[in-house]
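Visitor: My questions concern the predicted model and sequence given below.
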Amino acid sequence: MKYVLMFVGTQEDQDRWDRHSKEERAAAMAAAGQWFGRYMGDGKVVGGEQLQGPHTVTTVRGPSGNRVVVDGPFIESKEIIGGFAIVEVKDRDEALEMAKAWPSGPVEVWPAAER
């Protein structure tokens with residue numbers, strides 16, 4: 001089964017990240033890299049990306065034919081998506097175990113739609 005693990009945090013988390021020193025950021029990225037390395041080596045992570053900060057987001061909304069493009073992450077959310085991993089595992093429990101091993105912040109676990 002495929003799941004998307006979405007790595008999320010609050011605006012305060014993002015502000016704190018922006019204030020981190022180069023060394024603090026490098027340590028956090030190394031921990032995330034170890035997590036990805038572990039599960040990519042197992043063949044469980046099959047895709048994913050880190051996302052740029054919320055100041056880079058553009059939202060497209062409105063009914064078909066009248067779509068409006070606006071700067072910013074304006075979809076109703078209390079948290080910011082920092083990145084995601086696409087994983088292929090045997091079941092939800094395995095996806096949850098991977099999420100529990102993520103080295104920082106909350107992780108949303110979404111099952112992918114079956115085709």
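Guide: On my side now, so go ahead.
Visitor: for the residue nearest to Gln50 when sequence neighbours are not counted, what are its contacts?
Guide: Closest residue in space to Gln50, ignoring its immediate chain neighbours: Gly83 at 4.1 Å, by C-beta to C-beta, 6 or more residues apart in numbering. Bear in mind the C-beta positions are built from the backbone N, C-alpha and C, glycine included. If you count contacts by C-beta atoms under 8 Å, 6 or more residues apart in numbering, Gly83 has them with Met6, Phe7, Gly48, Glu49, Gln50, Leu51.
Visitor: Show the pLDDT at the residue sitting nearest the centre point of the chain.
Guide: Residue closest to the average C-alpha location in the chain (C-alpha atoms, centre = their mean): Gly83, at 2.6 Å. On pLDDT, Gly83 comes in at 92.
Visitor: Could you measure from it over to Gly53?
Guide: In this view, Gly83 and Gly53 are 11 Å apart by C-beta to C-beta, to the nearest Å.
Visitor: Over to Ser104?
Guide: Separation of Ser104 from Gly53 (C-beta to C-beta): 16 Å.
Visitor: Is Glu94 located within a helix, as I assumed?
Guide: Yes - counting by DSSP: H, G, I helix; E, B strand; the rest coil, Glu94 is part of a helix.
Visitor: That one: neighbouring residues, count only.
Guide: Using other C-beta atoms under 10 Å, Glu94 has 15 neighbouring residues.
Visitor: and if you look at Thr10?
Guide: By other C-beta under 10 Å, the residues close to Thr10 number 13.
Visitor: Next one: the residue lying closest to it once chain neighbours are set aside from Glu97, what distance?
Guide: Excluding the flanking residues, the one nearest Thr10 by C-beta to C-beta, 6+ apart is Glu79, at 5.7 Å. Using C-beta to C-beta, we find Glu79 at a distance of 22 Å from Glu97.
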